[in-house]
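Trainee: Structure of the sequence below:
(one chain, ligands or ions: 1)
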Amino acid sequence: MHQLPETFKSRMKQYLNKDYESFIKTYEQSHTQGLRVNTLKLTTDQFLSLSPFHLQVVPWTAEGFYYQEEDRPGKHPYHAAGLYYIQEPSAMAVTEVLDPQPGEKILDLSAAPGGKSTHIVTKMKDKGLLVANEIHPTRVKALSENLERFGAKHILVTNESPNHLAKIFPEYFDRILVDAPCSGEGMFRKNPEAIAEWSESHVQYCAIRQQDILDEAQKMLKPGGTLVYSTCTFAPEENEGTIARFIDKYPQFEIEPIPDTLAGLFKSGEPKWVENDDSSKLQFTLRLWPHHIQGEGHFIAKLRKKESTVEATFKPMKVKSLPEAVQYYRSFAKEHLSEVAEGIFHSFGDHLYLVPDGLPDLKGIKVERLGLHLGELKKKRFEPSHALAMALSKNHVRQFLPLNLEQAEKYLRGETLQVESNQTGWTLVTIDAYPLGWGKISNHQLKNHYPKGLRWK
Ligand SMILES: C[S@@+](CC[C@H](N)C(=O)[O-])C[C@H]1O[C@@H](n2cnc3c(N)ncnc32)[C@H](O)[C@@H]1O
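Mentor: Below you'll find the predicted structure:
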């Protein structure tokens, strides 16, 4: 049983009344654990036929599954192959409410480590543009790596404050997710360190910060667009309270009902906890309670922007590519790939990228990843990137090397492998036909090109 702050308990008792006993009992159980299949790489049925784990369906997400503690899916090479993301099951409901569509422009404003971003990009079928932003410079690395592992191409990962981004992307996005930094009460079972950080004044501080983030987020949404706001806390000040203040300040927005197929699985928001009008549209918001569902605590609100709030003009991005890099990439691709990935080429120094269409000028913005990193021009030869390996399938390459589980673990630890294959040169290293990274074979020896920073210890 976790040692919960007394003030937290008395607040929850006051809000929940007769439900308090069943709520507080959930702290005697361990937190729920889930994984979500990467449908950019395989279908859930294909995954189930491979999976060595004990899985049970998450009712609100077709590609979501509960697993059991002994499964340890984070330690399996399938994880390195990007076949799934380990995500707390309640968090999966957020992207279901956002309902991303292929071809749209979507912003995930506080995105690290990428639970929602990796879900959004699969729902978009990696078509259109996902901008995944994270303000924290260390956390943005994990976000970028997770999107790379998923094989995502139509992405821009930035490391910015919301107000910097708002200057670049006025009324640009069809959908925006604000998965806000919060007091984390709903994660006390999963992250007990959130218990130590909790105080009533922290709740108030978070509520103010959420308002500031939403002030910037609203500027970036197109009229008619959808804004989803979520937290993993129970505090009404950060949930119904934040939304009530936002709607008050921006009458151009309205709270939208969430389709019954989804909303019917959860409890609705509690208008009476923040205002006198019990019938307000705040009842359309959702609360995910650990004593009602198999999942941790969450709050979700869906808003629609009815009218414009800012003037929307932006300069388009100027793309430039090093002709030599494109030429070396094409000759690499001709030799090693059965399908040459083409599109808009863009260079940063000697690095070559394929970038999404229709981007604004990103001058002054800290870019962590733009589109698909194809590789690097190195002394008159092209070295393919790990991102390219993760975005390919065995059908895209002329040769691939299948490894068994034991070999795959060695490869992921960075070891050099002896192989029976008669191949030579670059090869896509795979497990069950899913890429893990690149290797280079000569004389039956596989030189390991799995990135040093990702290697298993
Ligand atoms: C709830 S977490 C995001 C989780 C993420 N969406 C996921 O599903 O993996 C909130 C994030 O907001 C970031 N954050 C903190 N302060 C912020 C601010 N002022 N503006 C934007 N984001 C902020 C935190 O660094 C943190 O990564």
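
Trainee: can you give me the helices in the stretch 301-450 of the chain?
Mentor: Assigned by DSSP state H, counting those that start in this stretch, the stretch 301-450 of the chain shows helices spanning 323-336, 386-391, 405-412.

Trainee: Tell me how far Pro162 lies from Ile168.
Mentor: Separation of Pro162 from Ile168 (CB to CB, to the nearest Å): 11 Å. No exception for glycine: its C-beta is placed from N, CA and C like everyone else's.

Trainee: Run through the helices of the stretch 51-200 of the chain in chain order.
Mentor: Remark: helices assigned in the stretch 51-200 of the chain by DSSP H, counting those that start in this stretch are 77-80, 89-98, 115-123, 139-149, 162-168, 193-197, 200-217.

Trainee: For those helices, could you give me TSV that also reports mean neighbour count and mean pLDDT?
Mentor: Rendered in TSV, the data for these read as follows (neighbours: other CB atoms under 10 Å; pLDDT from 0 to 100):
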stretch	mean neighbour count	mean pLDDT
helix 77-80	22	98
helix 89-98	25	98
helix 115-123	25	98
helix 139-149	22	98
helix 162-168	18	97
helix 193-197	13	92
helix 200-217	17	98
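
Trainee: contacting residues for the nearest residue to Ala62 once chain neighbours are set aside?
Mentor: Leaving aside its chain neighbours, Ala62 sits nearest to Thr44 (6.5 Å; criterion: CB to CB, 6 or more residues apart in numbering). For Thr44, the contact set (CB atoms under 8 Å, 6 or more residues apart in numbering) comprises Val37, Ala62, Glu63.

Trainee: Glu324 too?
Mentor: Counting by CB under 8 Å, 6+ apart, Glu324 has contacts Leu377.

Trainee: What is the three-state secondary structure of Lys222?
Mentor: With DSSP: H, G, I helix; E, B strand; the rest coil as the basis, the three-state label of Lys222 is strand.

Trainee: The residue lying closest to it once chain neighbours are set aside: neighbouring residues, count only.
Mentor: Once flanking residues are discounted, Lys222 sits nearest to Glu171: 5.1 Å by CB to CB, 6+ apart. If you count neighbours by other CB atoms under 10 Å, Glu171 ends up with 19.

Trainee: pLDDT score assigned to Glu171?
Mentor: Looking at Glu171, its pLDDT is 97.

Trainee: hang on, it packs against Ala217?
Mentor: No: look at Glu171 against Ala217 with CB atoms under 8 Å: they stay out of range, at 11.7 Å.

Trainee: For this structure, what lies in contact range of the ligand?
Mentor: 91, 110-116, 134-136, 139, 162, 179, 181, 209, 213 (CB under 6 Å from any ligand atom).

Trainee: Quick check: the gap between Val131 and the ligand.
Mentor: Using CB to the nearest ligand atom, to the nearest Å, Val131 is found at 13 Å from the ligand.

Trainee: bridging residues for that residue?
Mentor: Beta-bridge partners recorded for Val131 (DSSP bridges): Leu107, Leu156.

Trainee: cool, and Ile441?
Mentor: Beta bridges link Ile441 to Gly425, Leu446, judged by DSSP bridges.

Trainee: domain parsing for this structure?
Mentor: Here the domain parsing of the chain from automatic domain parsing is 6-305, 397-457.

Trainee: okay, these, which one's buried deepest?
Mentor: For the domains of the chain, the largest average neighbour count (mean count of other CB atoms under 10 Å) is found in domain 6-305, namely a mean of 20.

Trainee: Go ahead and measure how far it is from the middle of the chain.
Mentor: Mean-position distance between domain 6-305 and its chain equals 10 Å (CA atoms, centre = their mean, to the nearest Å).

Trainee: what's the span of that domain, first residue to last?
Mentor: 40 Å (CA to CA, to the nearest Å).
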